[in-house]
Structure formats: C-alpha cells, structure tokens
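Participant: Structure, please.
(one chain, ligands or ions: 1)
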Amino acid sequence: MTAAIATKGQVKGWCPGALRPMQSGDGLIARVRPRVGMLSLDQARALAGLAERLGNGHIDLTRRANLQIRGLLDEDLAKLQAELDRLGLIDADAEVEAIRNIMVAPLSAMGSTVRRIAADLERALMGDRRLVKLPTKFGLLVDEGGPASLANERADICLRVVEGQVAVGLDSRDGTYWLGACPPSTAIEIVVRALHTFLDSDPHRRLRDLPIEDQHKIHSALLPSLSALPPFEKTDGRALGMVQGAVGIAAPFGRLEAACLGRLTDLAADAGATELRLSPWRTLYVAVRDEAAGRSLLESAQALGLIIQADDPMLRIEACPGAPDCESSSVDTRGDARRLASLVAARGFAGSIHVSGCAKGCAKSAPSDLLLVGSAGRYSLTRGGETRGTVEARDLAAALAETSHG
Ligand code: SF4
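Facilitator: All right, here's what the predicted structure looks like:
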C-alpha cells in the first residue's frame with residue numbers, strides 16, 4: 001500500500017499519527033498503530049532502528065497500546081512514512097489512521113476468536129469511508145478476560161469473547177453497559193451497525209456523551225440481534241512476569257529507548273518468540289518457548305532497567321517527560337520520579353504519585369494520591385485535592401513526609 005504523505009505544518013495538540021504527527025518540544029511525534037495489537041520481531045527491530053536513525057531514540061508506549069517515535073525532523077518524515085509503509089504499519093490516509101483505534105487482549109492466542117474479530121474489525125474500519133467521520137479518540141476493544149484483561153480499559157465499544165459468544169458493550173457515563181451477546185460470525189456486522197447509528201446522531205461526541213435518547217437509538221438498533229449475556233467476571237488483569245506461557249515486561253513511564261527495544265527484540269527471539277504484544281498499561285507481552293526461557297528473558301529485561309514485577313513502586317508513579325525533553329518544564333520529572341520510587345518503599349508510602357513538569361499534566365491518566373507540579377525548579381504538592389506547600393526538587397523526601405501527615 002502506498003501511503004499518502006503528510007505535509008509540513010502539523011497541528012499542535014492533535015492526537016498524533018504517523019501520517020499526521022504532532023509537534024512537541026523535542027520535535028515531531030509519530031504514533032505507530034500496530035495491527036491487531038502486535039508487532040512482529042522484525043517490525044519491532046526496524047522501528048527501533050528508525051527511532052535511532054530518524055528520531056531522538058526515545059520511544060513511548062501509549063495508553064492505547066500504540067507506540068510513538070519522538071524527536072523527528074520535518075525533513076525526515078517522508079523517509080519514516082516510506083519505511084512504515086514497507087513494514088505494513090501505515091494506513092491509506094490520515095483519516096483512516098485516526099480511527100483505527102482497537103485494543104486487543106494481549107495474551108489472546110494466534111488464530112483465536114479474539115484475534116480474528118480484531119482483524120476483521122480493522123478491515124471494517126479501513127473499508128468503510130463513512131466511518132472516517134468517527135471522532136478521532138473513538139475506540140474499540142476486544143477482550144477475553146484472564147490475567148491480562150482489558151476489562152478496566154474504557155472504549156466506546158467493547159467486545160468480550162466468553163463461552164463461544166461475543167458480549168457487546170457500549171460506553172456510557174457509568175462505564176461499559178453490556179447490552180447482550182451474539183455469535184462471533186455476526187459481531188462485525190453488529191459493531192458496524194452501532195457505528196452507523198452513532199454517526200446518524202452526533203459524530204462529534206464520544207458515545208458516552210450522547211443524550212440518553214440517542215444512546216437508546218443505538219441500543220434499539222442492536223438489541224434484536226443480541227441474546228442474553230453469558231455470565232462473566234470483571235477481572236483486572238495486569239500481570240507482569242511469567243503469565244500463561246508468556247512474560248509481561250513494563251517500561252518505566254512507558255518509555256523505551258531504541259537500543260533497549262532492539263535488545264529486547266533479540267532476547268525475545270532467543271526465548272522462542274515471534275512477536276511483541278502491546279497493552280494499554282504499557283506492558284509488553286512476549287510468548288515464550290518454556291518457563292526456563294521466560295525466566296531468562298525476565299532476568300535480562302530487568303538488567304536492561306525494565307520492570308518485571310507487579311509490585312514495583314515505579315508502576316505507581318506517573319511522570320511526563322519534563323526537562324530537558326520538554327521546554328515547558330524546569331524540573332527533571334523522570335529523574336525525580338525515579339528517586340521518589342526508591343523512597344516510597346523506605347517511607348511506607350502506598351499511594352499513587354504523579355510528577356508533572358508543569359500544570360498541563362500531560363501524563364495524567366487518573367487522579368493520584370500525591371501530585372507534584374513543577375515550576376521554577378520547585379514542586380507544589382497536592383494530596384487529595386488539597387495543596388500542601390512546595391518542596392525543592394532536590395528534597396523529595398520532604399514530599400513524602402508531608403503527605404504522611406494526615
Ligand atoms: S506536563 Fe508540561 S512539562 Fe510535562 S510534558 Fe506536558 S507540557 Fe511538558
């Protein structure tokens with residue numbers, strides 16, 4: 001497929017793609033959307049090389065299970081797009097790219113119903129020009145429960161394979177509203193019907209923001225094709241380490257350096273893997289030959305600075321890139337967040353922490369117990385919405401001491 005090449009003058013604040021990148025303090029950010037939630041090892045290795053050669057070597061794992069190459073120059077964009085095209089990782093145009101937002105259960109087996117439905121959904125989104133009118137943040141997910149489940153992720157339309165049926169859920173103000181179930185063979189037609197009915201009402205809002213009567217119109221369009229829901233549990237799987245014939249490995253703050261991704265790809269190949277699966281909690285899953293190969297891969301990944309245990313304090317800390325990557329920041333957010341991580345265990349702090357380089361809060365994904373916002377080399381502290389003064393960046397222990405008092 002030959003991709004349309006985006007022109008210069010990308011829009012700041014845009015949800016970035018590879019065809020429509022976003023300008024940031026360290027250059028352009030191009031978001032690569034893997035197909036059916038995974039990258040072959042060849043694709044992953046090539047992306048690491050592209051990030052090194054054309055970007056600044058920083059790669060971000062995103063909360064929509066995509067991957068971003070940072071620090072690109074305008075003049076290198078066409079080269080990147082041509083390489084992504086060669087790797088089969090680019091869409092026909094920026095409109096299609098913007099709506100191809102499908103999260104896939106990362107441990108689902110090759111050839112499973114989950115993966116077949118996800119692949120068919122991608123084809124449906126790419127093949128129906130009417131669907132490019134969907135809001136760019138509109139998302140879908142295909143889950144199967146288990147130890148790496150998407151059950152806690154939010155998407156406009158959720159599908160969950162359970163007992164040979166596909167449960168269909170629509171996002172609402174109160175979370176996913178499960179409408180009913182259908183056979184796998186009709187799931188795509190039902191989703192497309194939901195999308196068309198949604199577009200008939202208001203293509204500019206998210207599904208959860210529609211007036212209740214418009215939500216009911218979508219329900220009415222689907223219900224005749226749905227049967228009663230089979231029972232299923234809402235698990236909150238975000239397993240790390242050895243899990244179901246695979247290993248889960250997280251990147252601190254979702255940031256992988258190109259050399260690290262390249263090395264991880266080699267290690268995965270040694271462990272018998274053929275691909276990397278991406279998750280919205282920024283953990284990569286690698287199916288391994290056997291437990292010994294998995295243990296060896298985990299050990300090597302830890303030596304690379306990656307996270308392999310679910311109780312690692314780094315997983316409770318969010319930090320935006322901060323200085324020097326972002327010109328809006330006067331503080332080294334990620335360096336400070338690492339120092340905080342080593343302090344939390346010693347100080348017995350069990351809550352979540354968000355370290356932001358400025359008030360914009362780019363890394364914020366959920367409210368945190370402790371919020372540090374940088375300004376002029378200091379951090380202001382907020383706990384439970386209440387301001388607790390400021391600390392010097394070099395005195396982070398005081399931030400934890402402050403929050404342990406009531
Ligand atoms: S929160 Fe501020 S400092 Fe951090 S990345 Fe966003 S703009 Fe930059």
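Participant: Tell me if Asp266 really is in a helix.
Facilitator: Yes. Judged by DSSP: H, G, I helix; E, B strand; the rest coil, Asp266 forms part of a helix.
Participant: Quick check: pLDDT value at it.
Facilitator: The predicted structure scores Asp266 at 98 on the pLDDT scale.
Participant: hmm, stretch 63-77 touching the ligand?
Facilitator: No. On the criterion CB under 6 Å from any ligand atom, stretch 63-77 is out of touch with the ligand, staying 11.3 Å away. Glycine gets a C-beta too; all of them are placed from N, C-alpha and C.
Participant: Now that stretch: buried residues?
Facilitator: For stretch 63-77, a neighbour-count test (16 or more other CB atoms under 10 Å) marks 64-72, 76-77 as buried.
Participant: repeat for stretch 88-95
Facilitator: 89-91, 94-95.
Participant: how close does Ala303 get to Leu297?
Facilitator: Noted for Ala303: a distance of 11 Å to Leu297, by CB to CB, to the nearest Å.
Participant: Not counting sequence-adjacent ones, nearest residue to the residue in the stretch 301-406 of the chain positioned nearest to the ligand?
Facilitator: Nearest to the ligand in the stretch 301-406 of the chain, going by CB to the nearest ligand atom, is Gly357, at a distance of 2.6 Å. Closest residue to Gly357 apart from its sequence neighbours, by CB to CB, 6 or more residues apart in numbering: Ser329 at 2.8 Å.
Participant: Hmm, Ala319 and the one you found touching each other?
Facilitator: No. Taking contacts as CB atoms under 8 Å, Ser329 lies outside contact range of Ala319: 10.4 Å.
Participant: The closest residue to Ser225 other than its chain neighbours sits in which helix or strand?
Facilitator: Spatial nearest neighbour of Ser225, chain neighbours left out: Ile190 (5.6 Å); criterion: CB to CB, 6+ apart. For Ile190, the host element (DSSP states H and E) is helix 184-201.
Participant: Tell me how far that helix lies from the chain's centre.
Facilitator: Remark: helix 184-201 is offset 24 Å from the chain centroid, using CA atoms, centre = their mean, to the nearest Å.
Participant: cool, stretch 361-370 as well?
Facilitator: 15 Å.
Participant: In it, which residues are buried?
Facilitator: Buried residues in stretch 361-370 (16+ other CB under 10 Å): 363, 368, 370.
Participant: Lowest pLDDT pick from the residues you listed?
Facilitator: For the buried residues of stretch 361-370, the pLDDT minimum is Ala363, 74.
Participant: Pull the number of nearby residues for the nearest residue to that one once chain neighbours are set aside.
Facilitator: Leaving out its chain neighbours, the residue that sits closest to Ala363 by CB to CB, 6+ apart is Cys320, at 4.0 Å. Using other CB atoms under 10 Å, Cys320 has 23 neighbouring residues.
Participant: Residues of this structure that sit close to the ligand?
Facilitator: Proximity of the chain to the ligand (CB under 6 Å from any ligand atom) is limited to residues 320-322, 326, 328-329, 356-358, 360-362.
Participant: Which among the residues you listed count as buried?
Facilitator: Buried members of the residues of the chain next to the ligand, counted by 16+ other CB under 10 Å: 320-322, 326, 328-329, 356-358.
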